[in-house]
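> Make a model of this:
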Amino acid sequence: MTTGMMSQPATAASPSLARLLVFFRKGESSSVIQAGLAEIQAATPKQVVLVDSLSWYDTHFAACGDWDSWALEAVTGKSYRSREPYFHGFVLTGEGHVGQGTAKVVTFALDMRKAVYWLSGGTLKPVAKLTSEDGIWRISTGGTP
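Sure thing, here's the model as predicted:
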């Protein structure tokens, strides 16, 4: 579990703070996740609750049963208690491309007009779309891919 997960349980949402699901590669080390979360906090002008995707996967995938349901739950799911969305937005990390599971979440999120950002060079850049080529989904921020 990361600091982001420990600050608030995954099933509770705070209406005063935006909750963001942060995507890391499968098998990423705890130190890389912690550093990534800290970099996102530093790049965000307001306080947010960050949840790493690996912890969210561990706690929710089995109940969802497949990637489509898991992605839909991440984008449209709500806390039973507060009725607030699990996530108000999403952050991509890495080298400018994502895997198929993350691509499903991003596609759903963009279709639902939820915020999606890419952490690049210490800056959060709004994601405009994903483009798929040979099974690789590349992040497009609207400028040069």
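> What residues of stretch 82-100 count as buried?
Neighbour-count burial for stretch 82-100 flags 84-94, 97-98 (criterion: 16 or more other Cβ atoms under 10 Å). Using the backbone N, CA and C atoms, a C-beta is placed for each residue, glycine as well.
> Minimum pLDDT in the residues you listed, which residue is that?
Within those, G94 has the lowest pLDDT, namely 88.
> SS state for it?
For G94, the secondary-structure state derived from DSSP: H, G, I helix; E, B strand; the rest coil is coil.
> thinking again about what came up before, now tabulate the buried residues of stretch 82-100 in CSV and tack on distance to H60 and secondary structure.
CSV is the format used below for the buried residues of stretch 82-100 (distance: Cβ to Cβ, whole Å; DSSP: H, G, I helix; E, B strand; the rest coil):
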residue, distance to H60, secondary structure
E84, 16, coil
P85, 14, strand
Y86, 9, coil
F87, 11, coil
H88, 17, coil
G89, 17, strand
F90, 15, strand
V91, 18, strand
L92, 19, strand
T93, 19, coil
G94, 21, coil
H97, 24, strand
V98, 18, strand
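> May I have the strands that pair with the helix or strand hosting L119, each with its orientation?
Per DSSP states H and E, L119 falls inside strand 115-120. Using DSSP bridges, strand 115-120 pairs in its sheet with strand 89-92 (parallel), strand 123-126 (antiparallel).
> In JSON lines: those strands, plus distance to L110.
What follows is the strands paired with strand 115-120, written out as JSON lines (distance: least, Cβ to Cβ, whole Å):
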{"stretch": "strand 89-92", "distance to L110": "9"}
{"stretch": "strand 123-126", "distance to L110": "10"}
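> What residues does S53 make contact with?
21-24, 102 (Cβ atoms under 8 Å, 6 or more residues apart in numbering).
> Buried members of the residues you listed into ChimeraX, please.
Buried residues among the contacts of S53 (16+ other Cβ under 10 Å), as a ChimeraX selection:
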select :21,22,23,24,102
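> Before I go, just wanted to say thanks for your time.
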